[in-house]
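# Everything below, folded, please.
(4 chains)
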2 protein chains.
Amino acid sequence: MHRVAASRLAAVGQRYTPGRRMLIDTLQAAGRPLTIPEIIETTGGLPQSSAYRTMAVLTQAGVVRRVVAADEFARFELAEDLSTHHHHLLCTGCGVVADFELPSKLEDQLEAAFEAAATQHHFGSVQHRVDLVGLCTACTNTAAR
Amino acid sequence: MHRVAASRLAAVGQRYTPGRRMLIDTLQAAGRPLTIPEIIETTGGLPQSSAYRTMAVLTQAGVVRRVVAADEFARFELAEDLSTHHHHLLCTGCGVVADFELPSKLEDQLEAAFEAAATQHHFGSVQHRVDLVGLCTACTNTAAR
DNA sequence: ATGAGTGCAAAGGCTTTGCATTAGG
DNA sequence: CCTAATGCAAAGCCTTTGCACTCAT
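Below is the predicted model:
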């Protein structure tokens, strides 16, 4: 994985520094999209600007994907080809993000339908974003106050 | 439609004022999600705070849905039960949003799969968000500079 | 008259950026 | 050595909020 990351960074004229490598490890270890505050906490006090800047570089290099959750903070996760294709369950209450997958057959059908829609609307280089938005258990209970 | 809007606003203790009615008309006339700047321009100089505040009220009342596009601005559209169920094509270049629909059969299968995933993760009151992210024709050409 | 809605201006909060310092080729 | 990366601090930008005014009941 680090090999891929290094080559992708090189492809956009960026180095693979220890700091960047560490953040990639952090994301992989988390196994779910992390916010900048979470990243800072996990790494034990990384400066905000470094966190934002590194995520920007990694996103641009295609190593990391930026996930837009409900509102609040953006979240970052490893690019899909460095992990697995999956989707997100977003809690509108607390913002937590969980991963889930779809049956591969359904995934294939979706892909075909998306391809058709993109072609029809003259959109290129399309990725799909299939998320569920709702309330997690904790927030459901809270909302029932 | 205005009847529904009025009753939903009433349900959350809000009035259906001319200003709010006008913004709903604006959204319906647009037929696609609009940003606050677009709304201001379309209405000919509505104050920002009124635009944001009215959208917040309408969103809370379930008359309007907030669409999180690529980055940039949030966009607002009529709630699905006041228009039709559809999905979005988001351009990462210029932020423009187009609508598209999926075959109803596929939509049904998706719904079932989502229901299963939500149950498994103990998420409640789930809505799905199926979007395509890519580059529109104009931005594809621009990117090829 | 009384309370909600609106407008203006200022504040808030996530994110980005300028500049000096440090590390890497 | 010289360019790129990092850290700190300040600025930016979308959005929200305080306060006074207006309108509808």
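# got a list of contacts for stretch A:88-96?
Here stretch A:88-96 makes contact (Cβ atoms under 8 Å, 6 or more residues apart in numbering or on different chains) with A:33, A:35, A:67, A:69-73, A:97-100, A:131-136, A:138-140, A:142-143, B:117-118, B:121, B:123, B:126. To be clear about C-beta, it is placed using only N, CA and C from the backbone, and glycine gets the same treatment.
# In that stretch, which residues are buried?
For stretch A:88-96, burial by neighbour count (16 or more other Cβ atoms under 10 Å in any protein chain shown) applies to A:88-93, A:95-96.
# Same check on stretch A:118-136?
For stretch A:118-136, the neighbour count (16+ other Cβ under 10 Å) marks A:118, A:121, A:123-124, A:126, A:128-136 as buried.
# now it: mean pLDDT?
The average pLDDT within stretch A:118-136 is 87.
# roughly how far is it from the heart of the chain?
14 Å (Cα atoms, centre = their mean, to the nearest Å).
# How about stretch A:113-131?
Per Cα atoms, centre = their mean, the centroid offset for stretch A:113-131 relative to its chain is 19 Å.
# re earlier: what is the nearest of the buried residues of stretch A:88-96 to residue B:8?
Distance to residue B:8 across the buried residues of stretch A:88-96 (Cβ to Cβ) is lowest for residue A:92, with 18.3 Å.
# what does chain A put close to chain B?
A:68, A:71, A:87, A:89, A:91, A:98, A:100, A:102-103, A:106, A:109-110, A:113-114, A:117-118, A:120-137, A:140 (Cβ under 8 Å from any Cβ of the partner chain).
# Report the beta-bridge partner residues of the most centrally placed residue in chain A.
Nearest residue to the geometric centre of chain A (Cα atoms, centre = their mean): residue A:77, 3.4 Å. Beta-bridge pairing for residue A:77 (DSSP bridges): residue A:65.
# Strands of chain A, start to end?
A:34-35, A:64-68, A:74-78, A:87-91, A:97-100, A:124-135 (DSSP state E).
# With distance to DNA strand C as extra columns, can I get these in JSON lines?
Shown next, in JSON lines, are these (distance: least, Cβ to the nearest atom of the strand, whole Å):
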{"stretch": "strand A:34-35", "distance to DNA strand C": "7"}
{"stretch": "strand A:64-68", "distance to DNA strand C": "8"}
{"stretch": "strand A:74-78", "distance to DNA strand C": "3"}
{"stretch": "strand A:87-91", "distance to DNA strand C": "14"}
{"stretch": "strand A:97-100", "distance to DNA strand C": "14"}
{"stretch": "strand A:124-135", "distance to DNA strand C": "17"}
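# Out of these, flag the one nearest residue B:42.
Nearest to residue B:42, of all the strands of chain A, is strand A:64-68, at 24.7 Å by Cβ to Cβ.
# Could you tell me the angle between that closest one and strand A:74-78?
150 degrees (axes from the mean of the first three to the mean of the last three Cα atoms, to 10 degrees).
# I'd like to know which elements strand A:64-68 is packed against.
With contacts taken as 3 or more Cβ pairs under 8 Å, 6 or more residues apart in numbering or on different chains; DSSP states H and E, strand A:64-68 sits against helix A:48-61, strand A:74-78.
# Show me the shaky parts of chain A.
A:70-71, A:142-145 (pLDDT under 70).
# Pull up the residues of it that are close to DNA strand C.
Selection of chain A residues close to DNA strand C by Cβ under 7 Å from any atom of the strand yields A:15, A:17-18, A:35-36, A:48-49, A:52-53, A:56, A:72-74.
# Only the buried subset of those residues, as a ChimeraX command please.
Only the buried entries of the residues of chain A next to DNA strand C go into this ChimeraX selection, using 16+ other Cβ under 10 Å:
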select /A:35,36
